[in-house]
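# the following comprises the amino acid sequence and a computationally predicted model.
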Amino acid sequence: MKTLLLFILPVLVLAAAALAEDEGNRIVNQQEDLKRIRQEVERSEKRLDSLRNAELKTSEQVSKYDEKISANKKVISRLSGQLGEVKRQIAETEQMLLASRDYLDRSQRKYLGDIRHFYIKGTRRTSRPLWEPPDVGMAANRQVVYLTAVSGFESSNVLMAGQHLTQTMAMLDTLAGEQKKVQSLKKDKEVATALEVSQKEKKEKSLEKIRRTKLAEGEKMLTLQQAAEEIERVISLLEEERERKQPVDDVPQAPSVFATLKGRLKAPVRGTVVVPFGPATDPVTKLKSYSPGITVQSRAGAMVHAVGAGKVAYVGNLRGYGRFVIISHDNEYYTTYAGLDEPLVATGDYVGEAAMIGKVSAEGQLKFELRQGREPIDPIPWIRLDTF
């Protein structure tokens, strides 16, 4: 019997050790799985931030392409107007050129005709009598003077017609050069516009792809709601604890001093409210959400103050909220300050109104919530707007 026990005991010890080792391995595996999940969530958050930046940058690029395309179209329209005006001037100048050539041709023919007439009538007389009446000689002289004057007049007309023709041809050459220049500018702008339209279409496709990917990443980030639910759970536990401590007799409770401060509370931090209380739709991810409080855009390191006197009910750290503090006021109202760099208070501390409870984290945003029991309340009517 003793021999059997001596044999069984080591086996039981080894079996127990094996079970303990298996349990230890399972715990280690679970811890590793948890670590991997947390790392993946962090990577997802970074990817979402990167996608948002890429979406903003791509949207700006699309807007710039729209501006360039619009500007180019205006230039093309203006050049088209100029080209039409130049073509009209060319058509008019071509008509002027035809008229100038016709006028020059007629002037030349008339000049030559006058010269011919002067030559025939004035100089080519085959025979002259030895004596002719004075009237005949005077008439011949007058004819010579007249034909000379007419010839000079027609000669000046020919000269003017030639100058007008030369000027018209020079004007036509100038207009032709202007037409070529405007056509070249218009073609360049049309090519540039077509290229920018093509680039814009590519950017729009890229933007659509980014938005689809960002939407998928945004769905992963719904784990932030779990953080909000955790705060709900903490406050519910505090409420349950308060209810357990309430007296069972019918002694009336004193009214809440904190409730009398509605509309007179100072803001927890100076800044601008960027996320209001209540339901909203994210403009980037298009995801619907509900904000149980407000988000104040301040600056990193800004001091955060308690809006009223109370007891620090909870100090913790939650994903999506960062380090946060919950203060109980008269065991009925609760204020939550999330997004702290490092809380300056601990659970159980009593703080007075405007007491420093921490500093805003590097993100520069403070999430502030006000609750009456488990019910979230819009903090804005409680706070003096001039204190933000």
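It's in. Residues are numbered from 1 along each chain as shown.

# which residue ranges form the helices in the protein?
Along the chain, the segments classed as helices by DSSP state H run 2-122, 134-220, 223-245.

# how many other residues sit next to Val360?
Look at Val360: counted by other C-beta atoms under 10 Å, it has 25 neighbours. C-betas here are computed from N, CA, C, even on glycine.

# residues in contact with it?
Neighbouring residues of Val360 by C-beta atoms under 8 Å, 6 or more residues apart in numbering: Val269, Ser298, Arg299, Ala300, Gly301, Ala302, Met303, Val304, Gly339, Leu340, Asp341, Leu366.

# export the residues you listed to CSV and append columns for neighbour count and pLDDT.
Compiled in CSV, the contacts of Val360 are given as follows (neighbours: other C-beta atoms under 10 Å; pLDDT from 0 to 100):
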residue, neighbour count, pLDDT
Val269, 24, 96
Ser298, 24, 95
Arg299, 11, 94
Ala300, 12, 93
Gly301, 11, 94
Ala302, 17, 96
Met303, 14, 96
Val304, 25, 97
Gly339, 24, 92
Leu340, 23, 94
Asp341, 17, 90
Leu366, 27, 95
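
# list just the nearest of these to Ala99.
Ala99 has its nearest neighbour among the contacts of Val360 in Arg299, at 79.7 Å by C-beta to C-beta.

# mind listing what the closest residue to Glu369 other than its chain neighbours touches?
Of all residues not flanking Glu369 in the chain, Gly293 sits nearest, at 3.2 Å (C-beta to C-beta, 6 or more residues apart in numbering). Gly293 makes contact with Phe277, Thr336, Lys367, Phe368, Glu369, Leu370, Pro376, Pro379, according to C-beta under 8 Å, 6+ apart.

# can you tell me how far Gly293 sits from Pro268?
With distances taken as C-beta to C-beta, to the nearest Å, Gly293 is found 11 Å from Pro268.

# list residues touching both of these two?
With the criterion set as C-beta under 8 Å, 6+ apart, the overlap between the contacts of Gly293 and Pro268 is Phe368.

# distance check, Leu237 against Ala313.
Distance from Leu237 to Ala313, by C-beta to C-beta: 10 Å.

# pull the number of nearby residues for Gly352.
Gly352 sits with 10 neighbouring residues when counted by other C-beta under 10 Å.

# residues contacting it?
Contacts of Gly352 (C-beta under 8 Å, 6+ apart): Ala306, Ala309.

# make it 10 Å
His305, Ala306, Gly308, Ala309, Gly310 (C-beta atoms under 10 Å, 6 or more residues apart in numbering).

# backbone phi and psi for it, please?
phi -90, psi 170 (degrees, to the nearest 10).

# hang on, the earlier thing: closest one of the contacts of Gly352 to Ser80?
Nearest to Ser80 among the contacts of Gly352, with distances taken as C-beta to C-beta, is His305, at 65.6 Å.

# ramachandran angles for the nearest residue to that closest one once chain neighbours are set aside?
Spatially, and ignoring its direct neighbours in sequence, His305 is nearest to Ala354 (4.7 Å; C-beta to C-beta, 6+ apart). Dihedral angles of Ala354 (phi, psi; degrees, to the nearest 10) stand at phi 70, psi 10.

# correct me if wrong: Ala354 contacts Ala309.
Yes. In terms of C-beta atoms under 10 Å, Ala354 counts as a neighbour of Ala309; the distance is 9.1 Å.

# comparing these two, which residue is more hemmed in?
Taking other C-beta under 10 Å, Ala354 and Ala309 do not tie; Ala309 has more neighbours (17 against 14).

# contact partners for the more buried one?
Contacts of Ala309 (C-beta under 10 Å, 6+ apart): Val257, Phe258, Leu261, Ile327, His329, Asp330, Tyr350, Val351, Gly352, Glu353, Ala354, Ala355.

# in terms of contact, does the third one touch Trp382 like I think?
Think Leu261. Yes. Using C-beta under 10 Å, Leu261 is in contact with Trp382, at 7.4 Å.

# now the common contact residues for these two.
Residues touching both Leu261 and Trp382 (C-beta under 10 Å, 6+ apart): Val307, Gly308, Tyr333.

# pull out the buried members of those.
Using 16 or more other C-beta atoms under 10 Å as the burial test, the shared contacts of Leu261 and Trp382 include Val307, Gly308, Tyr333 as buried.

# which of the residues you listed sits closest to Glu204?
For these, the nearest to Glu204 is Val307 (46.8 Å; C-beta to C-beta).

# who does the closest residue to the closest one other than its chain neighbours bridge with?
Of all residues not flanking Val307 in the chain, Leu265 sits nearest, at 4.5 Å (C-beta to C-beta, 6+ apart). Going by DSSP bridges, Leu265 is paired in beta bridges with Ile383.

# look at Leu265 and report its pLDDT.
pLDDT, the model's per-residue confidence, is 95 for Leu265.

# burial measure for it, as a count.
21.

# how far away is Leu51 from Ile90?
56 Å.

# swap that for Gly293, sorry
73 Å.

# go on, Arg264?
Noted for Arg264: a distance of 81 Å to Ile90, by C-beta to C-beta.

# pick out whichever of the two has more residues nearby.
Ile90 (17 against 12).

# re the thing from before, save the contacts of Gly352 as TSV, and put in pLDDT and distance to Lys288 too.
What follows is those, written out as TSV (pLDDT from 0 to 100; distance: C-beta to C-beta, whole Å):
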residue	pLDDT	distance to Lys288
His305	97	33
Ala306	97	32
Gly308	95	32
Ala309	95	37
Gly310	95	33
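
# hmm, Ser59 and Leu207 touching each other?
Yes. With contact defined as C-beta under 10 Å, Leu207 reaches Ser59; the gap is 6.3 Å.

# shaky segments in the stretch 201-350 of the chain?
214, 216-232, 235, 239, 242, 245-254, 282-287, 319-320 (pLDDT under 70).
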